[in-house]
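Chemist: sequence isn't available, so here's the structure alone:
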């Protein structure tokens with residue numbers, strides 16, 4: 001299934017119905033990101049169908065929305081199109097509700113102004129389908145229910161797939177919208193539009209699109225419409241025409257709608273997305289990329305050369321790759337690199353790394369490789385009573401700092417001339433996936449090393465003590481199994497931590513229980529939601545801790561960590577110009593083909609001790 005761009009509604013409430021959800025001071029707006037409504041689809045490969053997006057805690061992970069970028073018109077490849085970030089998301093009834101914070105600089109500032117004035121009326125979400133069910137309805141088009149999905153990004157759009165998506169005006173909120181309010185309260189299911197068999201309008205639209213993709217003349221389009229050709233017949237004929245064009249080396253038409261602002265940019269993105277999807281099954285191609293899924297690599301390279309005015313009809317595959325790789329004006333190397341980067345990042349993001357959940361990403365990352373100082377400010381000074389006519393005195397805070405720096409990790413691999421000619425993306429994809437996992441493994445090893453240093457007491461800090469030390473008050477005197485008693489002792493120690501002034505309580509609340517593989521089952525038992533028959537059987541930690549399993553750490557040691565956004569203990573950063581693993585390409589010199597380099601600029605360190613507690617290995 002392709003990335004689906006589902007249109008939904010910005011929600012604004014008047015004071016009569018509750019607080020306004022557009023906040024000028026914080027530049028935030030609350031949106032209904034998805035209602036899960038049934039939306040008609042017309043896909044080139046799957047034909048006409050209705051699609052319903054299931055909105056439930058089991059269908060998607062809401063944590064993935066946190067800090068998700070918000071774009072203009074789904075321009076995900078363009079960092080200049082980011083207008084803000086999703087601050088939070090929740091499910092209310094059958095609706096996915098999100099709060100968006102807009103940037104104070106353009107294009108975010110302009111977008112927020114347009115949202116306020118009502119110029120931007122629609123929002124759209126891109127997501128990847130993980131699992132779905134298909135129901136064939138008698139006398140109608142199939143119903144595809146997307147039961148599990150992953151969000152990709154949210155966008156402000158001018159023309160939504162759902163024509164009813166709009167920002168509610170002040171008049172709307174004043175008069176009320178009972179249907180929308182009832183759906184927000186969960187009283188009624190999302191609006192659906194069940195459809196009968198393919199309508200004449202849909203059939204004509206499908207024929208128009210198919211003829212454009214296959215580069216067929218207007219006469220063919222008119223003939224197909226006049227003789228009542230079905231969608232299935234047109235699809236089969238189009239595939240045959242595309243195959244014939246490929247065999248004779250004819251020009252392949254751009255897979256973008258006529259009149260697009262940038263046909264070349266659309267073509268490059270579509271090709272890169274198709275390459276990424278062919279290399280990594282975690283990626284589903286979008287509608288623009290679907291026609292390129294079966295196109296051989298040499299035809300993509302040919303199309304890139306011809307887009308720059310080169311004649312390629314008599315060239316062999318070998319000559320096409322040679323010219324596409326050596327010609328600086330050809331888009332093919334950049335497309336191959338972009339597709340590889342997407343597949344690399346998908347493998348990297350899906351690789352397990354438990355400790356990353358307890359580490360705080362450094363805001364803004366790092367501009368260079370110099371040491372990064374993480375300043376830890378002391379507590380706010382206490383407010384003092386001011387007597388009548390008395391003087392207001394100055395307050396001050398203490399501060400401390402820890403530091404770490406980035407390091408570069410890299411390897412090179414080659415895609416041989418033979419693999420290119422054989423259209424063997426499998427080898428390329430395997431390299432990319434393995435290096436994506438290797439990058440995640442590198443990060444996990446570096447974070448683990450911070451905890452395993454000094455025989456498991458953790459990295460040495462600025463005060464010359466390791467992270468976990470009696471002077472820090474965050475280590476048990478002896479090994480202890482996980483129990484209500486030992487968890488209670490650890491929690492109290494975190495709650496009683498003092499600030500830099502040695503007086504003010506930090507009141508750090510544990511959120512994560514980190515264990516090795518030997519304690520995984522025991523840890524899950526003590527955080528499970530169980531019903532107690534007596535007061536003595538009540539488990540006070542039920543549902544309050546999230547278990548994180550890291551097999552690299554000691555088998556029977558366990559640690560508690562606070563929310564890293566509140567009391568950070570570990571911190572990590574990337575080079576701001578290269579966040580995550582990066583893939584670069586050059587024409588092969590030591591090998592005949594193309595050489596790729598995967599690099600990762602990453603650093604991590606300990607920034608505080610007060611948000612963690614260790615019960616050592618037995």
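Modeler: Arrived safely, thanks for sending. Nothing here was measured: the structure is a model prediction, and the numbers come from that model. Residues are numbered from 1 along each chain as shown.
Chemist: going by C-alpha atoms from here, please, whenever you check contacts or count neighbours.
Modeler: Fine.
Chemist: confidence score at the spatially closest residue to residue 550 that is not a sequence neighbour?
Modeler: Leaving aside its sequence neighbours, residue 550 sits nearest to residue 516 (CA to CA, 6 or more residues apart in numbering; 5.3 Å). Residue 516 is assigned a pLDDT of 90 by the prediction.
Chemist: number of nearby residues for residue 516?
Modeler: 19 (other CA atoms under 10 Å).
Chemist: thought it was touching residue 558?
Modeler: Yes. Between residue 516 and residue 558 there is a contact under CA atoms under 8 Å: 7.1 Å.
Chemist: after the helix or strand where residue 602 lies, which helix or strand is next?
Modeler: Element membership of residue 602, judged by DSSP states H and E, is strand 593-606. Proceeding N to C from strand 593-606, the next assigned helix or strand is strand 612-615, under DSSP H and E.
Chemist: off-centre distance for that following strand?
Modeler: Chain-centre distance of strand 612-615: 31 Å, with CA atoms, centre = their mean, to the nearest Å.
Chemist: ok, stretch 542-560 next?
Modeler: For stretch 542-560, the distance to the chain centre is 25 Å (CA atoms, centre = their mean).
Chemist: that one: end-to-end distance?
Modeler: End-to-end distance of stretch 542-560: 15 Å, with CA to CA, to the nearest Å as the criterion.
Chemist: which residues does that stretch contact?
Modeler: Here stretch 542-560 makes contact (CA atoms under 8 Å, 6 or more residues apart in numbering) with 353-355, 448, 452, 456, 479, 481, 490-491, 510-520, 523-524, 526-530, 612-618.
Chemist: drop anything exposed from those residues.
Modeler: 353-355, 448, 456, 479, 481, 490-491, 510-517, 519-520, 523-524, 526-527, 612-617 (16 or more other CA atoms under 10 Å).
Chemist: return the subset of the residues you listed lying in helices.
Modeler: 448, 456, 490, 491, 520, 523, 524, 526, 527 (DSSP state H).
Chemist: pLDDT added to the residues you listed, as JSON lines?
Modeler: Below are these laid out as JSON lines (pLDDT from 0 to 100):
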{"residue": "448", "pLDDT": "94"}
{"residue": "456", "pLDDT": "92"}
{"residue": "490", "pLDDT": "94"}
{"residue": "491", "pLDDT": "93"}
{"residue": "520", "pLDDT": "90"}
{"residue": "523", "pLDDT": "87"}
{"residue": "524", "pLDDT": "86"}
{"residue": "526", "pLDDT": "80"}
{"residue": "527", "pLDDT": "79"}
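Chemist: next, format the residues you listed as CSV and append distance to residue 595.
Modeler: Shown next, in CSV, are these (distance: CA to CA, whole Å):
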residue, distance to residue 595
448, 32
456, 41
490, 52
491, 52
520, 42
523, 46
524, 46
526, 51
527, 49
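Chemist: closest to residue 605 out of those?
Modeler: residue 448 (10.6 Å; CA to CA).
Chemist: run through the strands of the stretch 451-600 of the chain in chain order.
Modeler: 510-515, 546-549, 558-562, 570-574, 582-587, 593-606 (DSSP state E, counting those that start in this stretch).
Chemist: who are the packing partners of the last one?
Modeler: Strand 593-606 makes packing contacts with strand 399-404, strand 407-416, helix 417-421, helix 425-456, strand 570-574, strand 582-587 when contacts are defined by 3 or more CA pairs under 8 Å, 6 or more residues apart in numbering; DSSP states H and E.
Chemist: one more: the fifth one?
Modeler: Other elements packing on strand 582-587 under the criterion 3+ CA pairs under 8 Å, 6+ apart are helix 332-350, strand 593-606.
Chemist: right, and these - which one's nearest residue 422?
Modeler: Residue 422 sits nearest to strand 593-606 of all these, at 12.1 Å, using CA to CA.
Chemist: pLDDT of the closest one, averaged?
Modeler: Strand 593-606 comes out at a mean pLDDT of 88.
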